[in-house]
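1. The sequence and its predicted three-dimensional model are supplied below.
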Amino acid sequence: MADSAMRRIGVGVVLLVAAWPVWADALTLDFRQAIDMALRQNPDLLSAQAQIAQAQAGVSQAEGARLPKITATVGATRTNDALNAFGMKLSQRQATFNDFGANQFTGPESLGVAPNNLNDPGWVNNFSTRLEAQLPLYTGGKLQGYRQQARAMLLAAQSGDVAARQQIIARALQAYDGVYTARAFQGVAAKALEAAQSQVKTVDSLLKQGVVIKSDLLSAQVRLEDVKLQQEQAGDMEAQAMDALHVALGLPLTEKIELGPEVQVSLPAGSPDRWIGQALENNPQIQALRQQIQAASGKVEVARSELYPQVGALARVDTADPSVGFSAHSYTIGAQLTWNVFDGGVARQGVDQAVAQRMEMQAKLQSAENQLGMQIQDSYRKALDAQNQLKTRALAVQQSEEAARIVSKRYANGVGTLVEVQGAQAQLDKARADLVLARNQINMQRAALRLALGQLTLDGLQPVVASTTASVAASAMQAQPASTSAQP
């Protein structure tokens, strides 16, 4: 007895050690924690944040274009080119009469002599520096257009970030709820498997008694294999939903996750008539489109500026020295007006192109607004339909259970047929699956409604441990399958 007890303890320890990595390494997340993780590391959100950073840089760039542009230049040159050498000496304030060949001038008779110092100056060194400031005075609206375009793109990127966050919540919710839905389907399949196994045993018993024929047993066995296949498919559904959750959270597929309680989505406050107006005002994708239209208007102003003159001013200070230093200074100030008088219509066509692009964006906005209203109405109707179906499906489960029980008794008593039994059981399985699907659709359609309204946030998603909806579904899943055992 002692040895047997010790062996049992040893086996238990081995099993505990073997199971340790499974539950020790698993990451337990409720839905709020899952969303927090997704919003930190989901690649789509990181991309949206990168777009915001780009847009912010664009705003700073547009603002900076209005300020003076100051450049500093340092150079060193060594040349024996006659023209450049003489120019460098002038810049250095070191040109002399001798550079013009004065030492070769002996009178009027030497006027035709080519001066050696001027034509063959030898090597000349020059160290130059320049500090220059340029300021745009009038650009025909180009800088204002760039500024409008940059600010609108920043607002569009910020709205895109909000939209991306809500899309991530929607995908995470779909996957999170999908795991629980798949598990509920597994429960349905388990009950169907239990019923199919009981059916095979009953038919086998009746066959041995000579009450039924062998084809009934074969039919029951085929039904059992079909149910096993359905159970495998339900397991695949859970694995697929879990993979989708990993992707939404930005986690590797090998990371083990244990989920917290289920999540129930609440209907937003208000009525469908008010929702449409709220959605047109708050939907981040609609807001992003509107800002893109503003950016397109800025692009029109930039294109139109090419039709007007450009005026700028500059101030410059230069130094030149044959060695490293700043001995000779020169100063320049000035202004310049540039006007593209004729370019073959290129600028005008650029304006027309920008205007057409803005019209295209406006048409997209109008289409999106129309589709948004339709989406709200459709999601609301489907959410109500799923809510009404929940009660109907629960009653259908009860009715199907009773029908399956009666038909099973009739078959066991030699009155009914196996076809009737299998039909009743199939109807019961379908009723249970429909109940699970109705619960899932309530969440999905409410989430779609909130997403269209721009209100899919954690405030509208509440964890539920035991709600009315969950209780109805649970009672349906826990219902005992109809037995096909023979009555004594």
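-> Looks like it came in fine.

2. Show me what the longest strand seen in the chain is packed against.
-> Across the chain, the longest stretch assigned as strand under DSSP state E is strand 124-138. Contact partners of strand 124-138 among helices and strands, from 3 or more CB pairs under 8 Å, 6 or more residues apart in numbering; DSSP states H and E: strand 69-79, helix 82-91, strand 310-321. From N, CA and C alone the C-beta is placed, and that goes for glycine too.

3. Check the offset of the longest one from the chain's centre.
-> Translated: strand 310-321. Strand 310-321 sits 49 Å away from the centroid of its parent chain (CA atoms, centre = their mean, to the nearest Å).

4. Now do the buried residues in that strand.
-> Neighbour counts over strand 310-321 (16 or more other CB atoms under 10 Å) mark 310, 311, 312, 316, 318, 319, 320, 321 as buried.

5. follow-up on the earlier one: nearest to residue 435, out of the helices and strands packed on strand 124-138?
-> strand 69-79 (70.4 Å; CB to CB).

6. just checking, residue 129 touches residue 325?
-> No - contact status for residue 129 versus residue 325: not in contact, 9.6 Å apart, counting by CB atoms under 8 Å.

7. and residue 216, helix, strand or coil?
-> Here residue 216 is recorded as helix under DSSP: H, G, I helix; E, B strand; the rest coil.

8. same thing with residue 342?
-> Per three-state DSSP, residue 342 ends up coil.

9. repeat for residue 152
-> Criterion first, three-state DSSP; result for residue 152: helix.

10. Now do the same contact list for it.
-> 291, 292, 293, 294, 295, 297, 298 (CB atoms under 8 Å, 6 or more residues apart in numbering).

11. Keep only those of those residues that are in helices.
-> 291, 292, 293, 294, 295, 297, 298 (DSSP state H).

12. Check the burial of the fourth one by counting its neighbours.
-> Spelled out, it's residue 294. The local packing of residue 294 (other CB atoms under 10 Å) involves 18 other residues.

13. Check the fifth one too.
-> Taking other CB under 10 Å as the criterion, the count of residues near residue 295 is 23.

14. Compute the distance between the residue nearest to it when sequence neighbours are not counted and residue 461, please.
-> The spatial neighbour of residue 295 that comes closest, neighbours along the chain excluded (CB to CB, 6 or more residues apart in numbering), is residue 152 at 3.8 Å. Plainly put, residue 152 is 32 Å away from residue 461 if you go by CB to CB, to the nearest Å.

15. Please apply the same query to residue 36.
-> 13 Å.

16. Using a markdown table, lay out the buried residues of strand 310-321 together with pLDDT and distance to residue 204.
-> Shown next, in a markdown table, are the buried residues of strand 310-321 (pLDDT from 0 to 100; distance: CB to CB, whole Å):
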| residue | pLDDT | distance to residue 204 |
| --- | --- | --- |
| 310 | 93 | 96 |
| 311 | 95 | 100 |
| 312 | 94 | 98 |
| 316 | 94 | 104 |
| 318 | 92 | 107 |
| 319 | 93 | 108 |
| 320 | 92 | 110 |
| 321 | 91 | 111 |
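
17. Serialize those to CSV and add fields for distance to residue 60.
-> Formatted as CSV, the buried residues of strand 310-321 follow (distance: CB to CB, whole Å):
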residue, distance to residue 60
310, 23
311, 24
312, 21
316, 26
318, 31
319, 33
320, 36
321, 38
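
18. between those, which is closest to residue 133?
-> For the buried residues of strand 310-321, the nearest to residue 133 is residue 316 (7.5 Å; CB to CB).

19. if we can go back for a sec, list buried members of the ones in helices among the contacts of residue 152 by neighbour count.
-> So, by 16+ other CB under 10 Å, the buried ones in the ones in helices among the contacts of residue 152 are 291, 292, 293, 294, 295, 297, 298.

20. ok, of those, which one's closest to residue 197?
-> residue 292 (60.7 Å).

21. In a helix, residue 140, correct?
-> No - applying three-state DSSP, one finds residue 140 to be coil, outside a helix.

22. Can you give me the pLDDT of it?
-> Looking at residue 140, its pLDDT is 91.

23. Am I right that it is in contact with residue 311?
-> No - counting by CB under 8 Å, residue 140 stays clear of residue 311, with 9.1 Å between them.

24. Which residue lies closest in space to residue 244, excluding its sequence neighbours?
-> In space, and not counting its chain neighbours, residue 244 is closest to residue 175: 3.9 Å by CB to CB, 6+ apart.

25. repeat for residue 206
-> Among residues not flanking residue 206 along the chain, residue 212 sits closest, at 4.6 Å (CB to CB, 6+ apart).

26. Got phi/psi on the one you found?
-> Phi and psi for residue 212, reported as degrees, to the nearest 10, are phi -120, psi 170.

27. and it, how many residues sit next to it?
-> 21.

28. repeat for residue 337
-> Neighbour count of residue 337, defined by other CB under 10 Å: 10.

29. tell me how far whichever strand or helix holds residue 183 is from the chain's mean position?
-> In this assignment (DSSP states H and E), residue 183 forms part of helix 142-208. Chain-centre distance of helix 142-208: 15 Å, with CA atoms, centre = their mean.

30. who touches the nearest residue to residue 252 once chain neighbours are set aside in this structure?
-> Among residues not flanking residue 252 along the chain, residue 246 sits closest, at 6.9 Å (CB to CB, 6+ apart). Taking CB under 8 Å, 6+ apart, we find residue 246 in contact with 252, 253, 255, 257.
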